[in-house]
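K.L.:
Give me the fold of what follows.
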Amino acid sequence: MNSSQQSGVLLSEQRGHIGIITFNRPAQHNALSPELLGKLCEVLAAWAASGEVRAVILTGAGDKAFSAGYDINAIATVGPDHKASVANEPAETPFERGLAAVKNFPYPTIAMLNGHCFGGALHMALCCDIRIAADHIAMAMPPAKLGVVYGAEGLAQFIQVLGSAKAREMFFTGRTYKGEQIGEMGLAGQLVPADALANTVFAVAEDIASNAPLALRGIKRIMNIVEQPALNDEQEKEAYDLVAESFRSSDLKEGQAAFLEKRKPLFLGD
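P.N.:
Sure thing, here's the model as predicted:
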């Protein structure tokens, strides 16, 4: 079965048992907006219900960016105060729902990193089971440069995939990683020339999709179960409060302004 949706902020295509999702906001470097994330959840839910898609590829439109990260103009919608203030809405933010849809999709997912990948988009890539990158791209996690305390579940995901030492380096420095550094940090399993990226990724997807569906579903589900972090209620509340404090801070406002004005921020620590 082949089908496609070829307009809007998110494109989707099904080729046999392989699903391809493209973040389609090239003018905004494929930034993850609430609208895009909502459509991502809809497509993945439909594919999960059908059972026909046994490998999913996520990528970005164009050749410059997989995604620049969460839309900086909508950053308030990922904060704890937004969840508390929006009546009759799910407890999760659009970003959290998008991450969960990728991580919990019943079959394997592959991030085809065709361009730069920053912030929340890197978190989403790490929610994929496999990451394959073009060797010219850059990757970074800049919350500390924006005045944001990243949430416990997100930090746990980075520690789980990269290991504690590398996750700490990435978050504390906010550095940008390129070339061999991407492989050394564990951000991608393979680095290939840009012109070989699509063929490399589709070969992996075809290998996956040709395997037994029951085995794929069962193995992925068990892996997700055994990898879950365990925090007690007190630790969860402390982590929540630290994130909420950062979203109310003047440092966050300064970080946003400096990012948009392309200048170095002047943080005051409050």
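K.L.:
Next, the buried residues of stretch 144-161.
P.N.:
Residues of stretch 144-161 classed as buried: 144-159, 161 (neighbour count, 16 or more other C-beta atoms under 10 Å). Bear in mind the C-beta positions are built from the backbone N, C-alpha and C, glycine included.
K.L.:
From these, which land in helices?
P.N.:
The helices, defined by DSSP state H, take in Ala144, Lys145, Leu146, Ala152, Glu153, Gly154, Leu155, Ala156, Gln157, Phe158, Ile159, Val161 from the buried residues of stretch 144-161.
K.L.:
Give the single residue among these positioned nearest to Ala100.
P.N.:
When these are compared for distance to Ala100 (C-beta to C-beta), Glu153 wins out at 9.4 Å.
K.L.:
The closest one and Pro229 touch, don't they?
P.N.:
Yes: using C-beta atoms under 8 Å, Glu153 is in contact with Pro229, at 7.4 Å.
K.L.:
where does the stretch 151-270 of the chain dip in pLDDT?
P.N.:
Scanning the stretch 151-270 of the chain for pLDDT under 70 picks out 231, 267, 269-270.
K.L.:
could you pull out the helices for it?
P.N.:
152-162, 164-173, 180-185, 194-209, 213-226, 233-247, 250-261 (DSSP state H, counting those that start in this stretch).
K.L.:
Skip the chain neighbours and tell me the closest residue to Asn104.
P.N.:
Nearest residue to Asn104 in three dimensions, chain neighbours excluded: Asn224, at 6.7 Å (C-beta to C-beta, 6 or more residues apart in numbering).
K.L.:
If you tally nearby residues, what's the number for the one you found?
P.N.:
Using other C-beta atoms under 10 Å, Asn224 has 13 neighbouring residues.
K.L.:
Ok, the one 10 residues further on next?
P.N.:
Residues within reach of Glu234, counting by other C-beta under 10 Å, total 8.
K.L.:
With Lys220 instead?
P.N.:
That count, for Lys220 with other C-beta under 10 Å as the rule, works out to 18.
K.L.:
Please tell me I have it right and it contacts Val102.
P.N.:
No: if you go by C-beta under 8 Å, Lys220 and Val102 don't touch, sitting 11.8 Å apart.
K.L.:
Could I get the contacting residues of Gly60?
P.N.:
Thr22, Phe23, Pro26, Asn30, Phe66, Ser67, Asn114, Gly115 (C-beta atoms under 8 Å, 6 or more residues apart in numbering).
K.L.:
Kindly report the same for Arg217.
P.N.:
Counted by C-beta under 8 Å, 6+ apart, Arg217 has contacts Pro106, Tyr107.
K.L.:
State the distance from it to Ala205.
P.N.:
Noted for Arg217: a distance of 16 Å to Ala205, by C-beta to C-beta, to the nearest Å.
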